[in-house]
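Sequence first, then the predicted structure, then my questions.
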Amino acid sequence: MHIPPPARLALLVALLAAAAGSLLLWSPQRLLSQGFTSAAPGIWAAPAFVVVFALATLAFFPKPVLNAAAGVLFGIPEGLVLAVAGTTLGAVLAFGLGRSLGRDALRPMLKRKALAALDRRLTDQGFRSVLLLRIVPGVPFQAINLAAAFSGVRLWPFVAATALGVLPGTTAYVIAGASASSPTSPAFLLSTAAMIAMTLLTLVSMRRARRTMVPSGAGEPV
């Protein structure tokens, strides 16, 4: 059965809203902190964590909390691998939904000059563009997923750029979670310093973005 593009876009919005609303019924943080490894013992703990992580990101749950939980539950090496895997899986889920349900409906909007330039950049330099967006602090995770889905970025460059781009920030939070029981340890102090630096970079980038959105002379008296 053929579903018109506007109806598919409406379905995408409804699914994302339902995913966000589902956090009223379940808490990823509580699930992961209250006996998660006991509920999913042995070889099932790692894949179960990746699935929970991915679904939580799809529901717009804060990713730093999940990264820290990976460090607490699995330690640094394994926790980092699982956090990156969960992040990448969550990004692929959002990318798939956006590409299959929203791209056709939004295609006419991409003909506008500014959006067309962004679409062309993402299409022609998919890996590089997604990688830079992942590395820069402050850019919303889901916004990148959907922007890539609505553009012409191919799946595998998107996956590779996501896995590499989230590595620096994910590492800091996983180390912080794994070393939280020793707040004076060098690992915890360094990871905390990295998180503070990323927060400051986010604030600076947001301030610069806000300034560029204000037309020159907008604040001048008439």
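All right, it came through fine. Everything numeric in this text was worked out from a predicted model, so none of it was measured.

Every contact and neighbour count from this point should use C-alpha atoms.
Noted.

Can you check the pLDDT for the residue nearest the centre of the chain?
Taking CA atoms, centre = their mean as the criterion, F141 is the residue nearest the geometric centre of the chain, at 2.8 Å. Looking at F141, its pLDDT is 92.

give the contact list for it.
Neighbouring residues of F141 by CA atoms under 8 Å, 6 or more residues apart in numbering: R134.

Distance check, it against A94.
From F141 across to A94, the span is 10 Å (CA to CA, to the nearest Å).

can you pull out the helices in the chain?
5-21, 28-33, 36-39, 45-58, 63-74, 76-97, 103-106, 113-124, 126-135, 141-150, 155-165, 167-178, 186-213 (DSSP state H).

And the contacts of the fourth one?
The reference is to helix 45-58. Helix 45-58 has contacts (CA under 8 Å, 6+ apart) with 16, 19-20, 28, 32, 36-37, 40, 63, 66, 82-83, 85-91, 93-94, 142.

What subset of the residues you listed is buried?
Neighbour-count burial (16 or more other CA atoms under 10 Å) is assigned, among those, to 16, 19-20, 28, 32, 37, 63, 66, 82-83, 85-91, 93-94, 142.

pLDDT-wise, which helix or strand of this protein ranks last?
For the chain, counting by mean pLDDT, DSSP states H and E, helix 186-213 ranks last in confidence among helices and strands (a mean of 61).

hang on, V139 packs against V130?
No: judged on CA atoms under 8 Å, V139 makes no contact with V130 at a distance of 11.0 Å.

neighbour count winner among those two?
A count of neighbours by other CA atoms under 10 Å puts V130 above the other of V139 and V130, at 24 against 14.

My guess is that one contacts T162. True?
Yes: counting by CA under 8 Å, T162 is a contact partner of V130 at 6.9 Å.

Can you give me the neighbour number for V136?
Residues within reach of V136, counting by other CA under 10 Å, total 16.

can you give me phi and psi for it?
When quoted as degrees, to the nearest 10, the phi and psi of V136 stand at phi -60, psi 120.

Just the pLDDT for it.
The per-residue pLDDT reported for V136 equals 80.

for G152, same thing?
At G152, the model reports a pLDDT of 84.

again, but for D124
We have a pLDDT of 82 for D124.

who's in contact with it?
Going by CA under 8 Å, 6+ apart, D124 touches V153.
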